[in-house]
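> Could you look at this predicted model? Sequence included:
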Amino acid sequence: MDLDATESGSAQSLQSGKDQLLPIKGCATPNYQRRMGLIFEMRQCAFVMCDEEFSVSNERKIFCSDRCRGRHHALINGEEAEMIRIENNMIIANYRILKAQRVGRVFRRTELRLLGYDLEYCSRYTINRAAGDTVTLWCYDLGLKVSETGYQLVSA
């Protein structure tokens with residue numbers, strides 16, 4: 001930490017990393033000055049579509065405005081929510097296909113594809129170690145028990 005003082009003894013500037021301290025007489029520490037809003041740091045806005053640089057007195061501030069903060073969170077949450085909606089709609093479609101079938105029926109993979117069932121989308125899966133590591137793919141309360149002969153529809 002460098003402290004440049006004039007002959008009269010007042011601090012003109014105090015630099016530590018990015019912080020630029022304004023000349024304030026009688027302020028003891030940079031933390032006190034930061035709390036009082038006297039240190040202004042220049043930062044780049046965290047929103048990817050904004051190139052603005054802004055001055056900050058609060059360490060936690062990362063966006064230049066409320067508009068950029070809102071747009072950033074809308075972009076992040078919008079993509080995530082859209083992906084979740086798509087996956088949930090696929091699971092619901094698979095559930096409707098299974099619900100229209102008789103419990104106990106055995107399907108081949110090609111039959112499931114012809115019905116429109118997508119094996120990649122399920123709400124959960126279980127592995128039954130006691131029954132020889134059999135896997136069951138679940139769409140909510142209906143499942144497909146994977147076996148050598150095909151996929152058997154089971155109910156929870």
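Structure's in. What do you need?

> drop to CA atoms for contacts and neighbour counts, all remaining ones
OK.

> Next secondary structure element downstream of the longest helix seen in the chain?
Secondary structure of the chain per DSSP state H: the longest helix is helix 66-99. Next helix or strand after helix 66-99 toward the C-terminus (DSSP states H and E): strand 106-107.

> Quick one: mean pLDDT over that next one.
If you average the pLDDT over strand 106-107, you get 94.

> ok, residues contacting whatever helix or strand comes next after it?
Using DSSP H and E, the next helix or strand after strand 106-107 towards the C-terminus is helix 109-115. Identification of contacts with helix 109-115 by Cα atoms under 8 Å, 6 or more residues apart in numbering yields 97, 118, 150-151.

> which parts of the longest helix of the chain are buried?
68-69, 72, 87, 90-95, 98-99 (16 or more other Cα atoms under 10 Å).

> now do stretch 141-156
Within stretch 141-156, the residues that qualify as buried are 142-146, 150-154, counting by 16+ other Cα under 10 Å.

> Now R124: closest residue in space, sequence neighbours ignored.
For R124, ignoring the flanking residues on the chain, the nearest one in space by Cα to Cα, 6 or more residues apart in numbering is W138 at 5.3 Å.

> Between helix 66-99 and the strand or helix carrying the one you found, find me the angle.
Using DSSP H and E, W138 sits in strand 134-139. Angle of strand 134-139 versus helix 66-99, following axes from the mean of the first three to the mean of the last three Cα atoms, to 10 degrees, is 120 degrees.
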